[in-house]
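Asker: Provide a 3D model corresponding to the input given below.
(one chain, ligands or ions: 2)
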Amino acid sequence: MNLILFGPPGAGKGTQSELLIKRMNMRQISTGDLFRAAIKNQTPLGQEAKGYLDAGKLVPDSVTIGLVREVLSQLKGQSFILDGFPRNVAQAEALEKLLKDLNLKVERSLFLEVPLDELLSRLAGRRVCKNCGAVYHARSKPPKQDGVCDACAGPVIQRPDDKEEVVRTRLETYEASTKPLKDYYKANGLYVEVIGLGTSEEVYERISKALQVKAH
Ligand code: ADP
Ligand code: ZN
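Answerer: Numbering: from 1, shown residues only. Ligands and ions are numbered 1, 2, ... in the order given. Have a look, this model is predicted:
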């Protein structure tokens, strides 16, 4: 099953994608992760994307869609989860065309719902390993040793775009651009919604149940 995962920043898309790819043998396509890797490796794509990520704004559609086209073209029949793409209606329309061109099909567009106060506390407390990307939370899930990754001993830091001023911009971008995707996917019958509160296992349970029922 090919899947779109969308929702506000901090809803837990990355965490759930990781569980899904491990347990359901899918391939994760996270545009955010791809941009961050490109920035780390200082590729031309990374140089183009960096300013937008730092500011919490969307990378221009032409760049993002080109990137997704490249990844989807190289899939070789593997099921995939689109995590963080599409993020606005123009990207959703471009995706439809892309899927048609590549003879691929998305079966569900799953919206992960989390209330604003919870999002704010998750984003403010989120810490990530600079080296392996493992995700922690300053209060609810700190690494065993302060600032050191449990998995790889790399440095655990705050993502630059998790700083308070940037979080505000990201949430505004979400409200204006990404939220309208709910109606877009409701209209084409792919939409399912899951509440992203509770432990990641609880949310995963809800997701796997939701994927078994028919979309509406
Ligand atoms: P989050 O969902 O927590 O905001 P992501 O890692 O998905 O974090 O995205 C981080 C940043 O990467 C976004 O703020 C944006 O700058 C860029 N980005 C990711 N996906 C897209 C996309 N589909 N279109 C444009 N920009 C994107
Ligand atoms: Zn690590």
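
Asker: Going by residue numbers, what spans are strands in the protein?
Answerer: Taking DSSP state E, the strands of the chain run over residues 3-6, 27-30, 80-83, 108-113, 126-129, 135-137, 156-157, 191-195.

Asker: Surely residue 88 and residue 174 touch.
Answerer: No. Contact criterion Cβ atoms under 8 Å: residue 88 and residue 174 do not qualify, at 10.0 Å. In short, each C-beta sits where N, CA and C put it, glycine included.

Asker: I'd like the strands of the chain written out as CSV, with mean neighbour count, mean pLDDT and distance to residue 61 added.
Answerer: Supplementary listing: the strands of the chain in CSV, determined by neighbours: other Cβ atoms under 10 Å; pLDDT from 0 to 100; distance: least, Cβ to Cβ, whole Å:
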stretch, mean neighbour count, mean pLDDT, distance to residue 61
strand 3-6, 24, 97, 16
strand 27-30, 19, 95, 16
strand 80-83, 23, 96, 15
strand 108-113, 21, 97, 18
strand 126-129, 20, 95, 26
strand 135-137, 16, 93, 27
strand 156-157, 18, 97, 29
strand 191-195, 19, 96, 22
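
Asker: What parts of this structure come near ligand 1?
Answerer: Counting by Cβ under 6 Å from any ligand atom, the residues of the chain lying close to ligand 1 are 9-10, 31-32, 35, 52-53, 56-59, 64, 84-85, 87, 91, 161, 170.

Asker: Once you drop chain neighbours, what's closest to the residue of the chain found nearest ligand 1?
Answerer: When Cβ to the nearest ligand atom is the measure, the chain has its nearest residue to ligand 1 at residue 32, with 2.0 Å between them. Of all residues beyond its chain neighbours, the one nearest residue 32 is residue 84 (4.7 Å), with distances taken as Cβ to Cβ, 6 or more residues apart in numbering.

Asker: got the contact list for the one you found?
Answerer: Residue 84 makes contact with 5, 6, 13, 30, 31, 32, according to Cβ atoms under 8 Å, 6 or more residues apart in numbering.

Asker: The fourth one bridge partners, please.
Answerer: Okay, so that is residue 30. In this structure, residue 30 has beta-bridge partners residue 83, where bridges are defined by DSSP bridges.

Asker: Since that was my last question, I'll sign off now.
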